[in-house]
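Q: Dropping a prediction and its sequence here:
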Amino acid sequence: MNHAPLRYALGTQNEAKRLAVQKATGTDPICLSVPSGVSGQPMSEEETITGAINRAKAALASAPHADIGLGLEGGLMYDREFTQQWYLISVCAAWNGSELYLGKGLAFPLPRQAAERIMAEGIELNVVIDEWGQTTGSNHRGGAYAFLTGGRVNRADVFCEAVIAATTPFLSRLYTN
Ligand SMILES: O=P(O)(O)OP(=O)(O)OP(=O)(O)OC[C@H]1O[C@@H](n2cnc3c(O)ncnc32)[C@H](O)[C@@H]1O
């Protein structure tokens with residue numbers, strides 16, 4: 001597959017997300033700060049997906065020369081049905097002005113203490129991870145994934161796979177109707 005001809009507008013200036021798109025597409029995206037339209041800390045899959053879609057659409061609207069708008073959103077979701085645990089999720093939405101696709105990255109169990117603090121104190125996940133890891137700006141680098149796995153998984157790589165999933169339909173003939 002050849003990604004080169006497409007121009008991507010990414011709805012954030014976040015470094016981990018920019019790196020993810022660069023790795024996934026082989027190009028430097030146009031990075032734009034756009035509103036996600038959801039809370040700073042999405043607390044469900046629905047809210048996380050909505051934030052990703054809002055960012056993708058706003059990015060393309062702000063960069064008319066781009067072909068595809070990308071919205072990358074991190075969030076938390078509670079699995080009531082199977083495990084009764086909280087998970088960190090990372091979603092990519094890709095929008096070309098008429099078609100919309102999603103890519104869903106690795107869902108990773110969150111320590112119960114982290115989820116409880118986020119809810120009780122109204123803080124965001126990066127605050128807990130930075131406190132535990134004695135770092136700043138973890139969400140721009142390896143993120144919670146790297147902290148929890150000792151570096152075996154990182155945020156850019158998780159988003160990279162989500163970007164590949166969401167953009168493949170625009171690149172493969174197999175998806176044309
Ligand atoms: O700069 P933007 O694009 O807004 O990216 P963000 O990391 O601040 O924001 P997201 O909307 O993607 O994520 C929602 C919140 O969850 C935090 N978060 C999500 N994934 C994380 C991760 O892997 N590590 C640390 N914090 C994470 C993040 O810092 C936000 O506070």
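A: Now that the structure is in, tell me what you want to look at.

Q: contacting residues around Lys23?
A: Applying Cβ atoms under 8 Å, 6 or more residues apart in numbering to Lys23 gives the contacts 156-157, 160. For every residue, glycine as well, the C-beta is placed using N, CA and C.

Q: Could you list the low-confidence segments of the chain?
A: Along the chain, segments meeting pLDDT under 70 span 1-4, 177.

Q: what about 80?
A: Applying pLDDT under 80 to the predicted model, the residue ranges of the chain that meet it are 1-5, 177.

Q: what residues does it put near the ligand?
A: Counting by Cβ under 6 Å from any ligand atom, the residues of the chain close to the ligand are 12, 14, 17, 36, 40-41, 51, 73-75, 88, 124-126, 129, 138-139, 143-145, 155.

Q: now with 8 Å?
A: Selection of the chain residues close to the ligand by Cβ under 8 Å from any ligand atom yields 11-14, 16-17, 36, 38, 40-42, 48, 51, 55, 72-76, 88, 90, 124-127, 129-130, 138-140, 142-147, 155, 158.

Q: Let me know the closest of the contacts of Lys23 to Trp95.
A: When the contacts of Lys23 are compared for distance to Trp95 (Cβ to Cβ), Cys160 comes out closest, at 18.5 Å.

Q: pretty sure the closest one is touching Arg18, no?
A: No: the pair Cys160 and Arg18 fails to qualify as a contact (Cβ atoms under 8 Å) at a distance of 11.0 Å.

Q: Which secondary structure state does Lys57 sit in?
A: helix (DSSP: H, G, I helix; E, B strand; the rest coil).

Q: pretty sure Ile53 is in a helix, no?
A: Yes: under three-state DSSP, Ile53 falls within a helix.

Q: which ones are touching the nearest residue to it once chain neighbours are set aside?
A: Counting by Cβ to Cβ, 6 or more residues apart in numbering, Ala93 is the residue found nearest to Ile53 once chain neighbours are left out, at 4.5 Å. Contacts for Ala93 were tallied using Cβ under 8 Å, 6+ apart; they are 49, 52-53, 55-56, 70-71, 73, 100-102, 166.
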